[in-house]
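In: For reference, the sequence and a predicted model appear below.
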Amino acid sequence: ARLLFSRRGALIVAQAQQQHVGNAKDNGKESKSSAALDLLVDLEDTYYFLVRVVLYIGLLFATIAINYTSLGLRVLAGSRWGSNAEASAALSAFCIYTAFLALNGITEALVYGVARSGNDVGKIGIVHAVVGG
């Protein structure tokens, strides 16, 4: 999934750059700073849209799934696991955790997707190491 969104982020950047270069050549009036600003606005809009989609799907899954974990365990693993309150609670927590993992994955993939060089990726890796402990 990270590779998919990483390529998607790089593709978004490339398409936005091509559009703005084409528009600048056609108009002849648009400055480089204006084109760069438009590119950043487009990237920001795409980023916010994708984060919202992931959040909505993750929260929907988490809020619905935590109420039916006992039933899901009973159907998939039998009454022994379905009647176990600890197993149901653990699966409920995992449903919420999965939503946060999805949010982390989409944001990380887009950050790596718009990194301009290997040096930027190295800096991001160092920040991850420091923040993650």
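Out: Sure, I can see it. Residues are numbered from 1 along each chain as shown.

In: what ranges of this protein fall below the confidence cut-off?
Out: 1-32, 133 (pLDDT under 70).

In: rerun that using 80 as the cut-off
Out: In the prediction, the chain carries residues with pLDDT under 80 at positions 1-33, 35-37, 39-40, 43, 113-115, 128, 132-133.

In: Output the longest helix belonging to it.
Out: Criterion DSSP state H: the longest helix present in the chain is helix 32-65.

In: So which bits of the next helix or strand after that one are buried?
Out: Reading on from helix 32-65 to the C-terminus, the next helix or strand found by DSSP states H and E is helix 69-77. For helix 69-77, the buried set under the neighbour-count rule, 16 or more other CB atoms under 10 Å, comprises 69-70, 73-74. Using the backbone N, CA and C atoms, a C-beta is placed for each residue, glycine as well.

In: Could I get the CA-only coordinates of helix 69-77 as CSV?
Out: In CSV, the C-alpha atoms belonging to helix 69-77 read as follows (Å, rounded to 0.1, in the frame of the first residue of the first chain):
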residue,chain,number,x,y,z
THR,A,69,-16.5,-8.2,17.2
SER,A,70,-18.2,-10.8,19.4
LEU,A,71,-20.5,-11.8,16.6
GLY,A,72,-17.6,-11.9,14.1
LEU,A,73,-15.5,-14.1,16.4
ARG,A,74,-18.5,-16.4,17.0
VAL,A,75,-19.0,-16.8,13.2
LEU,A,76,-15.3,-17.2,12.3
ALA,A,77,-13.9,-19.1,15.3
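
In: what about Ser117, neighbour count?
Out: The number of residues packed around Ser117, counting by other CB atoms under 10 Å, is 8.

In: Correction: the previous question concerned Ala102.
Out: 19.

In: Enumerate every residue touching it.
Out: By CB atoms under 8 Å, 6 or more residues apart in numbering, the contact list for Ala102 reads 54, 57-58.

In: Check which residues of stretch 105-121 are buried.
Out: By neighbour count on 16+ other CB under 10 Å, the buried set for stretch 105-121 is 106, 109-115.

In: Let me know the closest of these to Ala89.
Out: Taking CB to CB as the measure, Ile106 is the one of these closest to Ala89, at 27.1 Å.

In: Lovely, talk soon.
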